[in-house]
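S.K.: Need coordinates for the following:
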Amino acid sequence: MPDEKNSKDDLINWVIDIKALQTPDWIGLPNNAEKVLLAEREQEFIRKMIKMSDDELAYEADDLERNKQAPTWMVRFSAQCKSWLDALPQQLQHLRRTEENVRDPLFRFFEREINLGARLLSDIRRDLNEPANWLQFSVPNNVTAREWMRDFVQRMKQLKRLSLSENLRNEEVWLGGMFVPKAYISATRDLIAQTNGWPLEQMMYMHVTKTEEGQLKSTAFTLTDLRAIGCVLCEAEEIKLTDEVHVGVPRLQFTWTLERHSPASVVEPVYLYSNRAKFLFGLNLLPIGCDHSKLSQRGVAFVSNCSF
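M.R.: Numbers count the residues shown, from 1 in each chain. I've put the predicted structure just below:
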């Protein structure tokens, strides 16, 4: 609103003087808002073109060759399936249970993830012609088979690494590659409570910090490959706005303590995918150089899976 303009005429003149074209910042949006929308339209356009090309390829073979060999699209898809099978591991090794580790909440979480991944991997390797059987974890709408398989390959690589690990407690975790990512956060909380002898109903607070490879604290857990949208994550649980569409967060450490968050902190959401359809949890962060309201206007958030 204009300063020191209280009369009706002043307000009318102020409205008339407003330029027809304004930057998105005028209504609280980042100046790259148009760029973000165009990027989303670009991805949607590419997906539609891929679907159209698959249909058109079915008619590339002429009538004389149609009875002698498979359609071009089928040949191409067969080659694609072979490359997928080559990229996937043959199988996943199940974790070995002992009387000691079955009481570990983190072990039980990873065991469920690896067992689910092993069953799904077996189904997909057995029959690539039944994609409906693959839908055992949520993905955004309009995802192509190529995108889905690329994401699945990365999930299997992580589960293979975890299944061979001798210390699951210190493993870096790509949260967006877990089938039930919320359960990992709950398992870490339960483990810290169990280790310290705290009752589960006692209030605990998640504290986070950006870190580099090899700097794992003994009481912390590490998430990898997150993406910050509209902000930059600084040290000591601080964030600041940026005009970049998104900024990668290669590693994020978090731990559970009884220490309360700063009253000046705000809760920023962490979503599974960039479509923001599935909320996972919130991070308490302290905004630097801006009001709290600006964070909401800019749609600041974090994404755990950037495959789609």
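
S.K.: residues in contact with the closest residue to residue 200 other than its chain neighbours?
M.R.: Leaving aside its chain neighbours, residue 200 sits nearest to residue 193 (5.4 Å; criterion: C-beta to C-beta, 6 or more residues apart in numbering). (Each C-beta comes from the backbone N, C-alpha and C, glycine too.) The contact partners of residue 193, by C-beta atoms under 8 Å, 6 or more residues apart in numbering, come to 199, 200, 202, 204, 256.

S.K.: mind checking how far residue 193 is from residue 103?
M.R.: Separation of residue 193 from residue 103 (C-beta to C-beta, to the nearest Å): 13 Å.

S.K.: isn't residue 177 right next to residue 305, touching?
M.R.: Yes. Using C-beta atoms under 8 Å, residue 177 is in contact with residue 305, at 6.8 Å.

S.K.: what touches both of those two?
M.R.: residue 151.

S.K.: mind listing the strands for this structure?
M.R.: Assigned by DSSP state E, the chain shows strands spanning 172-173, 205-210, 221-233, 238-257, 266-271, 279-287, 301-303.

S.K.: and the longest helix seen in the chain, what does it pack onto?
M.R.: Scanning the chain for the helix with the most residues, using DSSP state H, yields helix 33-57. On a contact count with 3 or more C-beta pairs under 8 Å, 6 or more residues apart in numbering; DSSP states H and E, helix 33-57 meets helix 72-87, strand 238-257.

S.K.: Mean confidence (pLDDT) on the last one, please.
M.R.: Here strand 238-257 scores 89 as its mean pLDDT.

S.K.: Parallel or antiparallel, list what pairs with it.
M.R.: strand 205-210 (antiparallel), strand 221-233 (antiparallel), strand 279-287 (parallel) (DSSP bridges).

S.K.: Give me the buried positions along that strand.
M.R.: 238, 239, 241, 242, 246, 249, 251, 252, 253, 254, 255, 256 (16 or more other C-beta atoms under 10 Å).

S.K.: So the fourth one is in contact with residue 232, correct?
M.R.: Yes. Residue 242 lies in contact with residue 232 (C-beta under 8 Å); the separation is 4.8 Å.

S.K.: what residues are up against residue 212?
M.R.: residue 251.

S.K.: With residue 293 as the reference, measure out to it.
M.R.: Taking C-beta to C-beta, one finds residue 212 at 33 Å from residue 293.

S.K.: and if you look at residue 173?
M.R.: In terms of C-beta to C-beta, residue 173 sits 33 Å off from residue 293.

S.K.: repeat for residue 264
M.R.: 14 Å.

S.K.: These two: who's more crowded?
M.R.: Shown here are residue 264 and residue 293; by other C-beta atoms under 10 Å, residue 293 has more neighbours (11 against 8).
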